[in-house]
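Peer 1: show me how the following folds:
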Amino acid sequence: MYFSKRESIETPFFSKVMTERKFALICKFLHFSNNNEIDENTSQRKLFKIKPVLDHLQKRFMEVYIPEQNISIDESLLGWKGRLTWKQYIPSKRKRFGITLFILAESSSGYTYNFLIYTGADTNYGDSFASEPLSARVVLELSNNILDKGYCLFLDNYYTSVDLAEKLSMRRTDCVGTMRLNRKGIPKELKEKKLEHGEAYALFRKKIMLLKYKDKKEIVMISTLHDNQFVEKTKRGKVMKKPVVIEHYNKKMGGVDLTDNMLHFYAMSRTHLKKYYRKIFLHFLDITVLNSYILYKKLCGRKSRLNFVIDLAEKLIEKYGRDKNCNAGRRSKTQKQKMQVG
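Peer 2: Numbers count the residues shown, from 1 in each chain. Next up is the predicted model:
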């Protein structure tokens, strides 16, 4: 419909850039790898069709920007309901069915710095921490480039453990996160401690603090950055006390969620696509544009995101040129009828 000549919906801009046929052919034959070069015995075969794009973007995301101190690591779900052996079901996510991405993002802006795509048993987590448990391995591989530099990682209870906190601390990297009570390394004393509403109980070992706090339910936190101090908060006219570690975690954990929320607007990827690798390509194109806008705002840019995206599209067309063979396009049926009547 972008190329329609029907008067009520005509948008001349698109037909001036390229013909409808050329656009359809690009969409039909959009490809990123040579199928004859695929090796069925490698663990990379599931992402082979999109791997050159992913490798390039992963490298560029880390090259062009040094993130701020606070970093969040979480999973994101790229919606996909088609046939795919490594598709996952996550009921807590908006899409529920899709491709799981492990994302390392800057807490304050949502800038995507590094990522991993889950492909089942064949997932390529890297070789630097092959002996680590899966959840810890994801964190260590994603943060490998920023270890030993004084960063602070915010994690949820899927990733956190006492062992991981110790290893991150040895690499001059702080860790703050929620924890499950059945995790290995949590003292029995903390597990069995009974608390009243608003009470907290903390245990310390070297730089690590384990804190149990009773709100509506019991919350267990781990931190190599905080102590057991409380901060006063006013909620609905009432003054409440809450551990500093929980308040800090709530403010800094949402980097990946912030990215997902911003990607929801002005997305190029469509709901119905036949090829999963095209869905991944368009999603990462959206992430690339969002990262570009985040950097633009950090450099004191004043444009809204919508105007930034429109300007970006116009500059790309200006740089790479228009199709000189564009014709006026086919006449609409209403125009043909008028000519026949005349």
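Peer 1: Asn157: neighbour count?
Peer 2: Residues near Asn157, counting by other C-beta atoms under 10 Å, number 17. For every residue, glycine as well, the C-beta is placed using N, CA and C.
Peer 1: correction: the previous question concerned Leu203.
Peer 2: Leu203, neighbours per other C-beta under 10 Å, totals 15.
Peer 1: for it, what are its contacts?
Peer 2: 187, 189-190, 209-211 (C-beta atoms under 8 Å, 6 or more residues apart in numbering).
Peer 1: make CSV from those residues and add pLDDT and distance to Met62 to it.
Peer 2: As requested, the contacts of Leu203 are arranged in CSV below (pLDDT from 0 to 100; distance: C-beta to C-beta, whole Å):
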residue, pLDDT, distance to Met62
Pro187, 90, 38
Glu189, 91, 42
Leu190, 90, 37
Met209, 94, 31
Leu210, 94, 32
Leu211, 94, 33
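Peer 1: report the buried members of those residues.
Peer 2: By neighbour count, with 16 or more other C-beta atoms under 10 Å, the contacts of Leu203 hold 190, 209-211 as buried.
Peer 1: can you map out the strands along this structure?
Peer 2: For the chain, applying DSSP state E gives strands covering 70-79, 88-89, 97-106, 112-117, 152-155, 174-178, 200-205, 208-214, 218-223, 230-235, 238-243.
Peer 1: any idea which of those is most buried?
Peer 2: Comparing the strands of the chain by mean neighbour count (mean count of other C-beta atoms under 10 Å), strand 152-155 comes out on top with a mean of 26.
Peer 1: what is it packed up against?
Peer 2: Under the contact criterion of 3 or more C-beta pairs under 8 Å, 6 or more residues apart in numbering; DSSP states H and E, strand 152-155 touches strand 70-79, strand 174-178, helix 244-252.
Peer 1: run the last query once more with 7 Å
Peer 2: Helices and strands touching strand 152-155, by 3 or more C-beta pairs under 7 Å, 6 or more residues apart in numbering; DSSP states H and E, are strand 70-79, strand 174-178.
Peer 1: need those in TSV with distance to Pro91 and mean pLDDT, can you?
Peer 2: Shown next, in TSV, are the helices and strands packed on strand 152-155 (distance: least, C-beta to C-beta, whole Å; pLDDT from 0 to 100):
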stretch	distance to Pro91	mean pLDDT
strand 70-79	10	94
strand 174-178	19	95
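Peer 1: of all those strands, which one comes closest to Arg302?
Peer 2: Closest approach to Arg302 among these is made by strand 70-79 (25.2 Å; C-beta to C-beta).
Peer 1: ok, Lys242 - contacts?
Peer 2: 230-231, 233 (C-beta atoms under 7 Å, 6 or more residues apart in numbering).
Peer 1: where's the dip in pLDDT among those residues?
Peer 2: Lowest-confidence member of the contacts of Lys242: Lys233, scoring 80 (pLDDT).
Peer 1: so that one makes contact with Val244?
Peer 2: No: in this structure Lys233 lies outside contact range of Val244 using C-beta atoms under 7 Å: 10.6 Å.
Peer 1: for the stretch 201-342 of the chain, give me the ranges with low pLDDT.
Peer 2: 271, 323-342 (pLDDT under 70).
Peer 1: run through the neighbouring helices and strands of the longest helix seen in the chain.
Peer 2: Secondary structure of the chain per DSSP state H: the longest helix is helix 276-298. Counting contacts by 3+ C-beta pairs under 7 Å, 6+ apart, helix 276-298 packs against helix 51-63, strand 70-79, helix 255-263, helix 305-320.
Peer 1: for Asp55, which of the helices and strands packed on strand 152-155 is the nearest?
Peer 2: strand 70-79 (17.9 Å).
Peer 1: got the angle between the closest one and strand 112-117?
Peer 2: Here the directions of strand 70-79 and strand 112-117 differ by 40 degrees (axes from the mean of the first three to the mean of the last three C-alpha atoms, to 10 degrees).
Peer 1: rewinding a little: could the strands of the chain go into JSON lines alongside distance to Lys319?
Peer 2: JSON lines is the format used below for the strands of the chain (distance: least, C-beta to C-beta, whole Å):
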{"stretch": "strand 70-79", "distance to Lys319": "29"}
{"stretch": "strand 88-89", "distance to Lys319": "39"}
{"stretch": "strand 97-106", "distance to Lys319": "29"}
{"stretch": "strand 112-117", "distance to Lys319": "24"}
{"stretch": "strand 152-155", "distance to Lys319": "38"}
{"stretch": "strand 174-178", "distance to Lys319": "43"}
{"stretch": "strand 200-205", "distance to Lys319": "57"}
{"stretch": "strand 208-214", "distance to Lys319": "52"}
{"stretch": "strand 218-223", "distance to Lys319": "48"}
{"stretch": "strand 230-235", "distance to Lys319": "51"}
{"stretch": "strand 238-243", "distance to Lys319": "52"}
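Peer 1: having no further points to raise, I will conclude here.
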